[in-house]
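Colleague: Curious how this folds, go ahead:
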Amino acid sequence: MKTAWRVLLFLILLLPLPHNAAFSFEGPLQVKNLYPIFLHAAQPYLEKAVTESSMSYSLSHSSTYTVQESGRWVIHLDMEITELNFRYKRVIKNIAEFDLDIPVLVMGGGFMDGFLEDYHNAFGFPDYGRSGRPKNEFLYEIRKDGALIIRGHSGVRPGDIRLALKKPLIASDGFTLSIKGDVEFPVGSAKKGYGNGSVDAGVSVLLDKKITDGIMTYWNLGAVFPGDVRGHETLNLNNFIYAGGAVEGHLGKGLSLLVQVLGQSSIYPETDLLAVDRDAVLLAFGGRYHKGRNSFDLSLTEDLSESGAPDFILNLTYKINI
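Modeller: Numbering: from 1, shown residues only. Down below sits the predicted model:
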């Protein structure tokens, strides 16, 4: 986790000086952890503390390979997940912001195994046994003590729907502090891996701090209280904490550069598998083009800790301020 924060601070120093003083900061990249067995546990986004009214459409694609077994656990994950997420935000009477998230998930064997194999071979990176599996073949099965918990099905299905409220506590020029609470309702199938079948809740503190007229930082600290996974058998999940920071730097002509780090504690009960039990740390970086009320984001997210996160996440977001 300390390495991740050093990376973020180093990248802050690399950001260019602002080209002009007038710029509308749009907040962190809208990326969440798409690791299949954690996806249903109310995965957090990094958020700005300032309230807004907006609609956004995010398309994220990820690849995950965790095929491991221990004395009590079987965790077989070999898949690609695409998520189309609609987010609606509305400021209510200048008091609080109401949020609605509606995701649609596409799970399958994907198409990138050949490319990833060539990539790993070219740079000498380990593939953790990926090359020993048939290319682009879907596998999603979780067992504990021999009992089946989840047997994933490829296809297109809705995920769990989230409602949230954000309330500013302190707001001044260049500094905003807010508190946010959210509830995620079970819509996706728990047995097939698209949800957990239970209500989840979370609370977070959000802080925005302007460094210069062209550089804004965002800081989040929160806790999530996920419900049980009600699959073929019931599995209790751990409450977990998360923390993250993001930097948005204006490059000029409506372009900005974004870098962010998000870390979270373990969610599953101890499995004796390092790919699941260690804290997850995700580094995301990308660009944004902003014109009028519209903005477009393109980003790549990498798994720094090699645990509890996809190998990578590609994200494209279109947002309209209303």
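Colleague: so where do the helices sit in the stretch 201-322 of the chain?
Modeller: Taking DSSP state H, counting those that start in this stretch to define them, one finds helices in the stretch 201-322 of the chain at 274-277.
Colleague: helix or strand right after the lowest-mean-pLDDT helix or strand in the chain?
Modeller: Using mean pLDDT, DSSP states H and E, the weakest-scoring helix or strand in the chain turns out to be helix 2-14, at a mean of 53. Later in the chain than helix 2-14, the nearest helix or strand by DSSP states H and E is strand 54-69.
Colleague: so for that following strand, what's the average pLDDT?
Modeller: Confidence for strand 54-69, expressed as mean pLDDT, is 96.
Colleague: which intervals of this structure have sub-threshold pLDDT?
Modeller: 1-23, 119-129 (pLDDT under 70).
Colleague: what helices or strands is the strand ranked longest in it leaning on?
Modeller: Of all the elements of type strand in the chain, the one with the most residues (DSSP state E) is strand 73-92. Counting contacts by 3 or more Cβ pairs under 8 Å, 6 or more residues apart in numbering; DSSP states H and E, strand 73-92 is packed against strand 54-69, strand 96-108, strand 139-144. Where you see a C-beta, it was placed from the backbone N, CA and C, and this is true even at glycine.
Colleague: export these to a markdown table and tack on mean neighbour count?
Modeller: Below are those laid out as a markdown table (neighbours: other Cβ atoms under 10 Å):
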| stretch | mean neighbour count |
| --- | --- |
| strand 54-69 | 19 |
| strand 96-108 | 19 |
| strand 139-144 | 19 |
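Colleague: In a markdown table, list these along with distance to residue 184.
Modeller: Converted to a markdown table, the helices and strands packed on strand 73-92 look like this (distance: least, Cβ to Cβ, whole Å):
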| stretch | distance to residue 184 |
| --- | --- |
| strand 54-69 | 16 |
| strand 96-108 | 8 |
| strand 139-144 | 20 |
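Colleague: among these, which is nearest residue 168?
Modeller: Nearest of the helices and strands packed on strand 73-92 to residue 168, taken as Cβ to Cβ: strand 96-108 at 8.0 Å.
Colleague: Packing partners of that closest one?
Modeller: Under the contact rule (3+ Cβ pairs under 8 Å, 6+ apart), strand 96-108 is packed against strand 73-92, strand 155-158, strand 161-172.
Colleague: quick one: which of these is nearest residue 308?
Modeller: If you check each of these against residue 308 by Cβ to Cβ, strand 73-92 wins as the nearest, at 11.2 Å.
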